[in-house]
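**Student:** Whatever this is, show me its structure:
(chains A and B)
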Amino acid sequence: GESVGLHLPTLSVQEGDNSIINCAYSNSASDYFIWYKQESGKGPQFIIDIRSNMDKRQGQRVTVLLNKTVKHLSLQIAATQPGDSAVYFCAENNYGQNFVFGPGTRLSVLP
Amino acid sequence: NAGVTQTPKFQVLKTGQSMTLQCAQDMNHNSMYWYRQDPGMGLRLIYYSASEGTTDKGEVPNGYNVSRLNKREFSLRLESAAPSQTSVYFCASSTWDRGLIEQYFGPGTRLTVT
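**Tutor:** Just a heads-up that it's a prediction; the model follows:
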């Protein structure tokens, strides 16, 4: 689910399992999307991006899926590792306008 | 290549005090941004600068001013700090690269206003 107030949604996964983090974006005209990873005490770090003319894009251990019909974005992390523990959030952009950021999901990797 | 740097990393202010947050990037990016991040919320844009010499308000500009000193530097000023400005502040810069918009963030400044 989406976050409300101070509490981020948390996804807990076992080390080695796959993780799927979801994001609902707001603007049907958005044409560019980024997933960021933010570790505690650090700035957001770019993970992967996707343009609206694509449905899927793969990186190293990560895959982003875009469903424009329902304005939904997901980030899949394969073989989740302890170092993947962080807050993940998506950002949308509309033809070079400013980015709009989602509130984020906390990923907790269990040993 | 340091990327985006911010100073200071931490700051405590009393209500009514003023301060300037500094940001610099060495990637020759045209656009720079100031965001604030509050617990459980996404990043919110305070001000941005699309290019040297221009600045524009973002979503939450009240209580802040900015200066794009040159292409490298973009500062954020709080003239009279309020407890509601307690937050973590991030500077970012971006560029167009083969049609993509790559945005890079600094490490953040954690500000507490008492």
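**Student:** Please count neighbours and contacts with C-alpha atoms only from this point.
**Tutor:** Fine.
**Student:** Residue A:83 belongs to a helix, doesn't it?
**Tutor:** Yes: assessed with DSSP: H, G, I helix; E, B strand; the rest coil, residue A:83 lies in a helix.
**Student:** What score does it have for pLDDT?
**Tutor:** As predicted, residue A:83 sits at a pLDDT of 96.
**Student:** mind listing what it touches?
**Tutor:** Neighbour list for residue A:83: empty [criterion: Cα atoms under 8 Å, 6 or more residues apart in numbering or on different chains].
**Student:** The helix or strand where residue A:65 lies: which residues count as buried?
**Tutor:** If you go by DSSP states H and E, residue A:65 is part of strand A:62-67. Within strand A:62-67, the residues scored as buried using 16 or more other Cα atoms under 10 Å in any protein chain shown are A:62-66.
**Student:** can you check stretch A:44-52 too?
**Tutor:** Neighbour-count burial for stretch A:44-52 flags A:44-51 (criterion: 16+ other Cα under 10 Å).
**Student:** Could you do stretch A:83-99 as well?
**Tutor:** For stretch A:83-99, burial by neighbour count (16+ other Cα under 10 Å) applies to A:84-93, A:98-99.
**Student:** now stretch B:18-29
**Tutor:** B:20-25, B:27, B:29.
**Student:** okay, how far is it across stretch B:49-57, tip to tip?
**Tutor:** Stretch B:49-57 has an end-to-end distance of 9 Å (Cα to Cα, to the nearest Å).
**Student:** and it, how far out from the chain's middle?
**Tutor:** 12 Å (Cα atoms, centre = their mean, to the nearest Å).
**Student:** Kindly report the same for stretch B:68-83.
**Tutor:** Relative to the centre of its chain, stretch B:68-83 is centred 7 Å away, using Cα atoms, centre = their mean.
**Student:** same check, this time on stretch A:41-51
**Tutor:** The chain centroid and the centroid of stretch A:41-51 are separated by 9 Å, computed with Cα atoms, centre = their mean.
**Student:** Output it as PDB, restricted to C-alpha atoms.
**Tutor:** Output in PDB follows, covering the C-alpha atoms of stretch A:41-51 (Å, rounded to 0.1, in the frame of the first residue of the first chain):
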ATOM      1  CA  GLY A  41      21.900   9.100   6.100                       C
ATOM      2  CA  LYS A  42      22.600   9.300   2.400                       C
ATOM      3  CA  GLY A  43      21.300  11.000  -0.700                       C
ATOM      4  CA  PRO A  44      19.100   9.200  -3.300                       C
ATOM      5  CA  GLN A  45      21.100   7.100  -5.700                       C
ATOM      6  CA  PHE A  46      19.900   6.400  -9.300                       C
ATOM      7  CA  ILE A  47      19.100   2.700  -9.900                       C
ATOM      8  CA  ILE A  48      17.300   2.500 -13.200                       C
ATOM      9  CA  ASP A  49      15.100   4.500 -15.500                       C
ATOM     10  CA  ILE A  50      12.500   3.900 -18.200                       C
ATOM     11  CA  ARG A  51      10.800   5.900 -20.900                       C
END
